[in-house]
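Q: Turn this into a model:
(one chain, ligands or ions: 1)
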Amino acid sequence: MVGGSLSRWTMSYFAVAIAWLIAAEALMAAGFGFPNADLASPDTLVVVHMICIGWLSMAMCGALFQFVPVLVGKPLFAARWQLPALLLLTAGLVALLAGFMALGGYLPAWLWLLPLAAGLLVAGFTLVGASLVLTVWRARPPIGPAHFVLAGLVSLFTTAALGGAFSWALAGYGGQAFGALLESGIPLHAIAGLGGWLTLTAMGVSYRLLPMFMLSPDVGGERSCMTLFAGSATVGVAVAGGLLAIGTEAGINLVLGSAAILAFATLALYGRDVIALYRNRKRRRLELNTMMAAYGFTSLAAAALLGAVLVATGSFATHVGAFAFLVAFGWLSGLILAKLYKIVAFLTWLEAYGPAIGRAPMPRVQDLVTERRAAKWFALYFVSVWVGTVALLVHQAPAFRYAALAIAIATIGIVQELIRTRRLAYVAEPLRLPNGTRAPRLLYSRT
Ligand code: HEM
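A: Numbers count the residues shown, from 1 in each chain. Next up, the predicted model:
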């Protein structure tokens, strides 16, 4: 990870993301949205976008600002765009949620908020995307993790474009074409967002982070390239085929079925590589982050199995909420929380002790954390997510609320550990702040 400079606003993205996550979990625990309301209800849309944009996308953008330059060995293009992008995304999300609240009758019928929100969000994501794409473009690396990020960004723009079209249609503009998209295109928006943007990017990042944190040999460009190809084909078939089916008024099921088969192939290829990375690691004792990431991978495999069983029994539509919950909380959020635990420690170490390397005795990265304390919060998090998934499958809304409450408590526990790491609270004196070092700020990095 050394070799790139610190990204100033990555911690701010993480902080904003975590605030949205905890707010969404609190709403779920309070019984707001699905399963107490319909899946397509405005209440559910509020919670879904707090999680998908506020938490998952913000955390991913913050991580990519730090990670992509390291990956390609070039500084971030236009690093000064990070803060305006954060402000645009936050303003856009607030407007989107207000638009959904207007749809739900909590606010006057200000439906113009929806296209306004789409404009702000597209502007924010464009700044993020342009900065990352131009960073990769300047380096032109061989096919590898950076190309997963590029495929993820293409999917992000597809998601945002579809979301924008829905917003125009809901506000009463856009005519028949946007109306047809709103009627049938929501699965395409969800697949491009959760599958293309978040899952493909997380896969690419993990192809690099897992070998780094476990000291495993890389699986090789050819193998990761196959996963990238299969994953991109999955999203491409789903979105392009889906749009064609909507345009020609043909059924969309054949397209979604073909995409599902490709998705299985992608997961099989990825699963094979992840298992090889764990098996061939040189660091025999797993650190907490890689152990918890394994629960994220297990949740992904469980989601694939669940999806297959639901499709085979013809009950996918009935249980799509449980499936999406497991993908969003077990796989994506689980993996991101596990990796944040290491990334925050590493970046904090680099910021505090990097300037004094070689000039004073200093702690190791692992001295910034106390894994035993964090482990119990992670355990509570994953167990509650799995209990919550089962509660949704058996239509037990009250049990789901208890699970959501436990997830919120576990998240707060994990966040407390992140704050202690940032404050160097676990580093024993006299190593804590040797000469030439300063304690980092909580919410941004001194670069
Ligand atoms: C520019 C950004 C975005 C805008 C303007 C937007 C807008 C919308 C709108 C208007 C709907 C509701 C359609 C309806 O049922 O009436 C929707 C649904 C949905 N969006 Fe987004 N969205 C955006 C980004 C995202 C992202 C990045 C993700 C995921 C990573 C996402 C995930 C979803 C999902 C899963 C649904 C279906 C929710 C449900 O039916 O309960 N959206 N979006």
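Q: Could you list the residues of the stretch 101-250 of the chain in contact with the ligand?
A: Residues of the stretch 101-250 of the chain found near the ligand, taking Cβ under 6 Å from any ligand atom as the criterion, are 117-118, 121-122, 159-160, 163-164, 166-167, 170, 182, 186, 189-190, 193-194, 197-198. Any C-beta I mention is one placed from the backbone N, CA and C, and that applies to glycine too.
Q: Now the buried members of those.
A: By neighbour count, with 16 or more other Cβ atoms under 10 Å, those hold 117-118, 121-122, 159-160, 163-164, 166-167, 170, 182, 189-190, 193-194, 197-198 as buried.
Q: Filter the residues you listed down to the ones in helices?
A: Using DSSP state H, 117-118, 121-122, 159-160, 163-164, 166-167, 170, 182, 189-190 are the members of those that sit in helices.
Q: Pick out whichever of the residues you listed sits closest to the ligand.
A: Taking Cβ to the nearest ligand atom as the measure, the ligand lies nearest residue 163 of these, at 2.4 Å.
Q: wait, doesn't the closest one sit right on residue 125?
A: No. Contact status for residue 163 versus residue 125: not in contact, 10.2 Å apart, counting by Cβ atoms under 8 Å.
Q: quick one, phi/psi of residue 284?
A: phi -70, psi -40 (degrees, to the nearest 10).
Q: burial count for it?
A: Number of residues near residue 284 (other Cβ atoms under 10 Å) recorded here: 7.
Q: now for the host helix or strand of residue 381, which elements pack on it?
A: Using DSSP states H and E, residue 381 sits within helix 371-393. If you count contacts as 3 or more Cβ pairs under 8 Å, 6 or more residues apart in numbering; DSSP states H and E, helix 371-393 packs onto helix 288-312, helix 316-325, helix 334-353, helix 397-422.
Q: For residue 137, find the nearest of the ones you listed.
A: Counting by Cβ to Cβ, residue 137 lies closest to helix 334-353 out of these; the figure is 24.7 Å.
Q: Quick check: mean pLDDT of the closest one?
A: The average pLDDT within helix 334-353 is 97.
Q: Low-confidence stretches in this protein?
A: Judged by pLDDT under 70, the chain has its weakly predicted residues at 1-4.
Q: can you pull the contacts of the residue positioned nearest the centre of it?
A: The chain has residue 56 as the residue nearest its centroid, 3.4 Å off, counting by Cα atoms, centre = their mean. Residues counted as contacts of residue 56 (Cβ atoms under 8 Å, 6 or more residues apart in numbering) are 17, 198, 328, 332, 333, 336.
Q: So the last one is in contact with residue 61, correct?
A: Think residue 336. No. Using Cβ under 8 Å, residue 336 makes no contact with residue 61, being 11.7 Å away.
Q: quick one: which of these two has more around it?
A: Using other Cβ under 10 Å as the criterion, residue 336 and residue 61 rank with residue 61 on top: 27 against 24.
Q: Could you measure from residue 63 over to the ligand?
A: 15 Å (Cβ to the nearest ligand atom, to the nearest Å).
Q: swap that for residue 362, please
A: In this view, residue 362 and the ligand are 39 Å apart by Cβ to the nearest ligand atom.
Q: what about that residue, how many neighbours?
A: Residue 362 has 20 neighbours, counted by other Cβ under 10 Å.
Q: quick check, it in a helix?
A: No. In this structure, residue 362 is coil, not part of a helix, as judged by DSSP: H, G, I helix; E, B strand; the rest coil.
Q: That one: what's its closest spatial neighbour, skipping adjacent residues?
A: Counting by Cβ to Cβ, 6 or more residues apart in numbering, residue 353 is the residue found nearest to residue 362 once chain neighbours are left out, at 4.6 Å.
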